[in-house]
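S.K.: Sequence plus predicted model, see below.
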Amino acid sequence: MHFTKLDMNESREFDIIIWGASGFTGRLVALYLFDKYGTTGDLKWAMGGRNLTKLEKVREEVADKNVPLVIANSNDKVSLLNMVKRTKVICTTVGPYAKYGSNLVEACIKSQIHYCDLAGEVQWMNKMINRHHEAAKVNGSKIVHACGFDSIPSDMGVYFIQKESKAKRGSIAQKIKMRVAAISGGISGGTYASLSQVLEEAQKDKMVYKILTNPYALNPIDKQVGKDKSDLRSVIFDEASQSWIGPFIMASINTKVVRRSNVLSSYAYGESFRYDEATIFGKGFLGRVKGILCSIPIGLIMYAKQGSLLKKGLDILFPIPGEGPTKQKMENGFYNLRFYITLADGENAFAKVTGDMDPGYGSSSKMLAESAVCLAKDKLSNTSGILTPSLAMGDSLLKRLEKNAGLTFSFK
């Protein structure tokens with residue numbers, strides 16, 4: 001097996017810099033790294049941001065003075081280059097990424113280092129792929145978007161299923177339907193800001209809307225074809241789960257990431273592979289009513305126009321950037337994802353992915369942190385470019401998620 005130039009470069013000052021460590025999610029990542037890996041072990045890491053006073057305050061709350069602080073600015077390319085040259089991996093929580101992420105991705109590729117984020121902004125990811133995928137391939141950089149609840153449980157879940165299907169049944173999965181069976185957690189101001197940014201761009205630009213509604217928008221331009229349709233927008237009865245199902249707000253990013261994994265792996269899941277996601281609401285009349293009621297808030301968020309009274313009302317209801325769920329709510333959160341599988345030989349199988357803690361923050365911060373450690377410390381393949389979690393890290397990440405990040409993967 002070959003390894004990238006970066007894997008053999010031990011001269012960097014840090015293994016990881018957490019960029020945005022003073023933000024709501026950034027501080028969770030810093031807290032996790034401090035609790036799990038400390039400051040005196042094998043992992044060399046630092047906290048980064050643009051405001052020294054804020055960073056010092058957060059460091060005092062979540063770590064100790066042994067954690068170095070790095071100052072840079074998202075809009076200053078020189079400061080970003082100076083920062084990224086000091087590390088092997090940039091782990092960023094600074095969103096909306098369409099506003100604050102582009103210069104950082106470019107700096108990482110120029111400096112031949114790896115990068116991971118929590119981006120769920122399809123239009124921005126599409127732009128980064130078109131601009132930088134080939135350069136990242138040449139430079140040996142692994143640029144890995146969507147390393148949180150969107151889209152690790154989906155992407156790594158499908159990767160795990162295909163691996164188990166081959167090993168236990170000698171047949172790959174031809175069709176997988178992911179259904180959210182149970183979920184509990186809160187939303188942070190940063191996530192709401194990122195979602196608002198995506199919708200605002202889509203309302204202003206028809207091309208952005210086309211990208212968001214194209215099931216294969218993250219595939220190479222010449223391979224944006226297949227049998228999958230747009231994500232579910234209504235409440236319907238689902239034969240696979242024998243329940244009423246409705247829209248899952250993360251499906252629009254997760255499904256596209258899974259399809260990119262397939263196409264970039266030379267169709268390891270097959271050219272006719274199909275994948276979709278939805279939320280289970282239960283059986284009978286009550287299940288249908290629950291589905292309709294639960295889908296209304298999603299519809300309001302998706303169709304609220306910038307500047308409208310509806311959008312202003314939603315802005316009041318949701319937290320502002322820097323705010324998020326309480327510690328207790330995060331610790332009490334969880335998720336249970338079911339995967340209904342049709343194998344290539346026509347047989348059926350079932351898989352499950354579960355996670356402890358609130359999915360968007362408690363769990364996402366652990367998944368992102370372990371992705372960064374995986375990129376920095378594990379021996380990975382020389383695959384480079386703008387990648388998905390499963391393609392960039394594969395089995396190494398799967399082991400880390402189960403051992404450290406509170407995820408379980410099971411196949412029947």
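M.R.: Looks like it arrived, so ask away. What you are looking at is a predicted structure, and each value in this text was computed from that prediction instead of being measured.

S.K.: Against which helices or strands is the longest helix that the chain contains packed?
M.R.: Ordering each helix of the chain by length in residues (DSSP state H) puts helix 284-303 first. When contacts are defined as 3 or more CB pairs under 8 Å, 6 or more residues apart in numbering; DSSP states H and E, helix 284-303 sits against helix 189-204, strand 243-246, strand 274-282, helix 309-317. Where you see a C-beta, it was placed from the backbone N, CA and C, and this is true even at glycine.

S.K.: nearest to Ser171, of these?
M.R.: strand 274-282 (15.3 Å; CB to CB).

S.K.: what comes into contact with the closest one?
M.R.: 154, 158, 174-181, 183, 226-229, 231-232, 235, 238, 241, 243-248, 250-251, 254-255, 258-259, 287-288, 290-291, 294, 338 (CB atoms under 8 Å, 6 or more residues apart in numbering).

S.K.: So which of the residues you listed sit within helices?
M.R.: Reading helices off the contacts of strand 274-282 with DSSP H, I get 154, 158, 251, 254-255, 258-259, 287-288, 290-291, 294.

S.K.: Show me which residues of the longest helix of the chain are buried.
M.R.: 287-288, 290-291, 295, 301-302 (16 or more other CB atoms under 10 Å).

S.K.: Now render the residues you listed as JSON lines, adding pLDDT and distance to Asp76.
M.R.: Below are the buried residues of helix 284-303 laid out as JSON lines (pLDDT from 0 to 100; distance: CB to CB, whole Å):
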{"residue": "Gly287", "pLDDT": "95", "distance to Asp76": "52"}
{"residue": "Arg288", "pLDDT": "95", "distance to Asp76": "53"}
{"residue": "Lys290", "pLDDT": "95", "distance to Asp76": "49"}
{"residue": "Gly291", "pLDDT": "94", "distance to Asp76": "48"}
{"residue": "Ser295", "pLDDT": "88", "distance to Asp76": "43"}
{"residue": "Ile301", "pLDDT": "80", "distance to Asp76": "33"}
{"residue": "Met302", "pLDDT": "76", "distance to Asp76": "35"}
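
S.K.: out of those, who's nearest Glu60?
M.R.: Nearest to Glu60 among these, counting by CB to CB, is Ile301 at 36.0 Å.

S.K.: With adjacent residues omitted, what lies nearest to that closest one?
M.R.: Among residues not flanking Ile301 along the chain, Leu314 sits closest, at 6.4 Å (CB to CB, 6 or more residues apart in numbering).

S.K.: And Cys108, by the same measure?
M.R.: Excluding its sequence neighbours, the residue lying closest to Cys108 (CB to CB, 6+ apart) is Tyr115, at 4.3 Å.

S.K.: and what of Asp15?
M.R.: Spatial nearest neighbour of Asp15, excluding adjacent residues (CB to CB, 6+ apart): Ala376 at 4.0 Å.

S.K.: need the contact list for that neighbour.
M.R.: By CB under 8 Å, 6+ apart, the neighbours of Ala376 are 15-16, 43, 88-89, 114.

S.K.: In terms of helices and strands, where is it?
M.R.: For Ala376, the host element (DSSP states H and E) is helix 364-377.

S.K.: Okay, angle between that helix and helix 189-204 too, please.
M.R.: 90 degrees (axes from the mean of the first three to the mean of the last three CA atoms, to 10 degrees).

S.K.: So which elements touch the helix or strand that comes right after helix 364-377?
M.R.: Moving toward the C-terminus from helix 364-377, the next helix or strand (DSSP H and E) is strand 385-387. Counting contacts by 3+ CB pairs under 8 Å, 6+ apart, strand 385-387 packs against helix 122-139, strand 142-144.

S.K.: Ranking those by mean neighbour count, which comes first?
M.R.: The highest mean neighbour count among the helices and strands packed on strand 385-387, using mean count of other CB atoms under 10 Å, belongs to strand 142-144: a mean of 28.

S.K.: Okay, now the sheet partners of that one, with direction.
M.R.: In the sheet, strand 142-144 lines up against strand 114-117 (parallel), strand 385-387 (parallel) (DSSP bridges).
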